[in-house]
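Visitor: 3D model of this:
(chains A and B)
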Amino acid sequence: MSEASAPGWARRLLRNRAVVIGGSVFLLLVLIALFADVLAPYNPTRLYPGERLRPPGARNLLGTDEFGRDIASLVLHGARVSLLVGAVTMVLTSAGGVVIGLIAGYYRRLDLVIMRVMDGLMAFPAILLAIALMAVRGPGVWNVIVSLSVVYLPRTAMLIRSTALSVRELDYVLAAQALGRGGLAIAFRHILPNCIGPLLVQATFIFAYAVLAEAILGFLGVGVPPYVPSWGNVIASGKNVIREAFWVSAFPGLALTLTGLSLNLLGDGLRDTLDPRLRRE
Amino acid sequence: MIAVTTYLLRRLFALVPVMLVVVTIVFLLIHLIPGDPVAVILGPEANAQQIEDARRELGLDRPLHAQLVRFYARLLRGDLGRSYFLDRPVTQALWERAEPTLVLMFSGLFVAVLIGVPSGIAAGAYQGSAWDRLLMMLALLGVCVPGFWLSLNFIYLFSVRLGWLPVAGYASIFQDPVAAARYMLLPAVSLGFSQSALIARIARSCMIEVLRQDYIRTARAKGLAERSVIYLHAFRNALVPVVTVIGITMAILIGGAVVTEIVFNIPGLGRLIISAILRRDYPVVQGVVLITAAAYMLINLLVDVVYAFIDPRIRYV
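Guide: Numbering: from 1, shown residues only, chains lettered A, B, ... in the order given. Sure, this is the predicted structure:
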């Protein structure tokens, strides 16, 4: 990519309203997660038994839960777990998907085996496979990340493979082969750059799936341990007190929805901007 | 007819390798348990003799490939093992819990189609209108609002505040249809709503695609009212790809149903797998995962077949 073309795609991105709105909200959420310590008025894990189930008010902006924990502080700190799980899952699925997808797309002999395994993984309903993996590994942030990466990796791998397959017969790849370039060099130097656009779009959506799935696992009691402030865990504890305190589950759920919304907007906008077939100049 | 049969057989045959991989993954799950699975299953009180006995009983003392072969062989006989906790075969436990999950899935699907198809078709027919933009904004929201959280909000509004519907629970439609409907309404709507968003988005783009075709221009050119162009000519053809999405939706609903069951205390497969996890009842976990994966694959197969049937352009080759 030449120097002159760089501002071109940047300008196109900034002209897309979905990218700008989604991106800004997401950036704000990242900042909240980074500065949760400073922003949170209370320690989210400390229990204040005398303050249980206070409605939203001056002292506790978003109220307190059944243990007297401040909901606002829990929501702010919950952003950390959600975004950490989303980001690391996104990186792992992208890296793994690129390697597996390129190998499958370039080495036809391995393709058959790799794709059968990917088909097998895709044959499970996503959340059930994640639940099953969590069942055997036990609660924990790292286990959530690994489980979700296993669940979502095949999608990226298949995407990269199909792009690689469509590019590998093009003249410039054949030319590189004729010049004696090795298989791996061709795959990474000549085929991979064609996959960047679709990969970025896919990665954004996987980020969104992972944030949601982490919350679902937490809600079901098989995600991060209950003492870790995560949106799913707080919503789960809100379920028990829904009759007397709707705010316990309401606010973390809103945060979760907002995160999903920002990532979906960003993903939709990126797809419209980066997919040359959809581009309207 | 021969072509259809060959096509079906070929598709079923193509499922065999995928199913083998699925079974292998389910089999390997138990080997992912950190440390000695038997020690984990039996808990800290177990002595060495008990652990040794349990290992032999579960076949964990044999080489891995032998265990896998035995697992396949048992599956072919329809044997998913015995639940450690429920004291009955896993297949029986699954069978007992299947009804609520199936009822929930189909009610959710019904809601999703009921909301999704008309709003998508309407949005697509009047592309760019305020109506279209409003519906698509709602659809985006529907995709982003987590179903389990929506369920909680419904419970708060319709059960706790307004007192119209029960908070949670389940009644069999075969025993008390009225109570069953009252219990099922909120779960079905919360499960169906987010899926309706997906259906609406696809239905909209199919409608837009169809309205660009030549035969629609012909219909308009010969002076047909816009209403009959949309409802008589475009609608039917826009529905063809939507059928695929409805199938995909149904497959996704399996996962959603599991989560919804937990919110509404519905005694289906979702509650079964979560309680099995908490009791370390691994054969039940394996059974639920296996049965849902099998259902998922069969639904996807069914969708392709239905699609091929209703779209004459697809040949069985």
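
Visitor: And the lowest-mean-pLDDT helix or strand in chain B, what's buried?
Guide: Every helix and strand in chain B was compared by mean pLDDT, DSSP states H and E; the lowest is helix B:37-42, with a mean of 75. Buried residues in helix B:37-42, defined by neighbour count with 16 or more other C-beta atoms under 10 Å in any protein chain shown: B:37-42. All C-beta spots, glycine's among them, are computed from the backbone N, C-alpha and C.

Visitor: same for it, what does it pack against?
Guide: helix B:48-58 (3 or more C-beta pairs under 8 Å, 6 or more residues apart in numbering or on different chains; DSSP states H and E).

Visitor: mind listing the helices for the stretch 51-200 of chain A?
Guide: A:71-106, A:108-122, A:126-137, A:141-167, A:171-178, A:183-186, A:192-220 (DSSP state H, counting those that start in this stretch).

Visitor: Just send those back as a markdown table, with distance to chain B too.
Guide: Below are these laid out as a markdown table (distance: least, C-beta to the nearest C-beta, whole Å):
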| stretch | distance to chain B |
| --- | --- |
| helix A:71-106 | 12 |
| helix A:108-122 | 3 |
| helix A:126-137 | 4 |
| helix A:141-167 | 10 |
| helix A:171-178 | 30 |
| helix A:183-186 | 26 |
| helix A:192-220 | 6 |
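
Visitor: still on that earlier bit, quick one: contacts of the least confident helix or strand of chain B?
Guide: In this structure, residues lying in contact with helix B:37-42 by C-beta atoms under 8 Å, 6 or more residues apart in numbering or on different chains are B:30-31, B:33-34, B:46, B:50-51, B:54-55, B:58, B:60, B:84, B:280, B:282.

Visitor: Low-confidence bits of chain B, can you list those?
Guide: Applying pLDDT under 70 to chain B picks out residues B:1-2, B:35, B:311-317.

Visitor: Pull the number of nearby residues for the residue lying closest to residue A:22 once chain neighbours are set aside.
Guide: Once flanking residues are discounted, residue A:22 sits nearest to residue A:265: 3.0 Å by C-beta to C-beta, 6 or more residues apart in numbering or on different chains. Residues lying near residue A:265 (other C-beta atoms under 10 Å in any protein chain shown) number 25.

Visitor: show me the contacts for residue A:265.
Guide: Each residue near residue A:265 by C-beta under 8 Å, 6+ apart is listed here: A:18-19, A:21-22, A:25, B:140.

Visitor: out of those residues, who's nearest residue B:115?
Guide: Using C-beta to C-beta, residue B:140 is the member of these that sits closest to residue B:115, with 14.5 Å.

Visitor: Identify the residues contacting the closest one.
Guide: A:261, A:264-265, B:197.

Visitor: for residue A:258, same thing?
Guide: Contacts of residue A:258 by C-beta under 8 Å, 6+ apart are A:25, A:29.

Visitor: ok, now residue B:59?
Guide: Residue B:59 neighbours (C-beta under 8 Å, 6+ apart): B:66-67, B:70.

Visitor: Helix, strand, or coil at the closest residue to chain A within the stretch 1-150 of chain B?
Guide: Proximity of the stretch 1-150 of chain B to chain A (C-beta to the nearest C-beta) peaks at residue B:21, 2.7 Å away. Taken by DSSP: H, G, I helix; E, B strand; the rest coil, the conformation at residue B:21 corresponds to helix.

Visitor: Can you give me the neighbour number for it?
Guide: Neighbour count of residue B:21, defined by other C-beta under 10 Å: 19.

Visitor: ditto for residue A:193
Guide: So residue A:193, with other C-beta under 10 Å, has 11 neighbours.

Visitor: do the one 5 residues further on as well
Guide: The burial metric for residue A:198, expressed as a neighbour count using other C-beta under 10 Å, is 18.

Visitor: Would you mark the buried spots in the host helix or strand of residue A:22?
Guide: Assigned by DSSP states H and E, residue A:22 falls within helix A:17-34. Along helix A:17-34, these residues count as buried under the neighbour rule (16+ other C-beta under 10 Å): A:18-19, A:22-23, A:25-26, A:29, A:32-33.

Visitor: ok, now stretch B:26-39?
Guide: Buried residues in stretch B:26-39, counted by 16+ other C-beta under 10 Å: B:26-27, B:29-30, B:33, B:37-39.

Visitor: cool, and stretch B:65-81?
Guide: Residues B:67, B:71, B:75, B:80-81 are the ones in stretch B:65-81 that count as buried (16+ other C-beta under 10 Å).

Visitor: Only the C-alpha atoms, please, for that stretch, written as CSV.
Guide: Extracted in CSV, the C-alpha atoms of stretch B:65-81 (Å, rounded to 0.1, in the frame of the first residue of the first chain):
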residue,chain,number,x,y,z
HIS,B,65,-7.9,-45.1,20.9
ALA,B,66,-9.5,-48.1,22.5
GLN,B,67,-11.6,-45.8,24.6
LEU,B,68,-12.7,-43.9,21.5
VAL,B,69,-13.6,-47.1,19.6
ARG,B,70,-15.7,-48.2,22.6
PHE,B,71,-17.4,-44.8,22.7
TYR,B,72,-18.3,-45.0,19.0
ALA,B,73,-19.6,-48.6,19.5
ARG,B,74,-21.8,-47.6,22.4
LEU,B,75,-23.2,-44.7,20.6
LEU,B,76,-24.1,-46.8,17.6
ARG,B,77,-26.2,-48.9,20.1
GLY,B,78,-27.8,-45.6,21.3
ASP,B,79,-26.0,-45.9,24.6
LEU,B,80,-24.8,-42.5,26.0
GLY,B,81,-23.7,-44.0,29.3
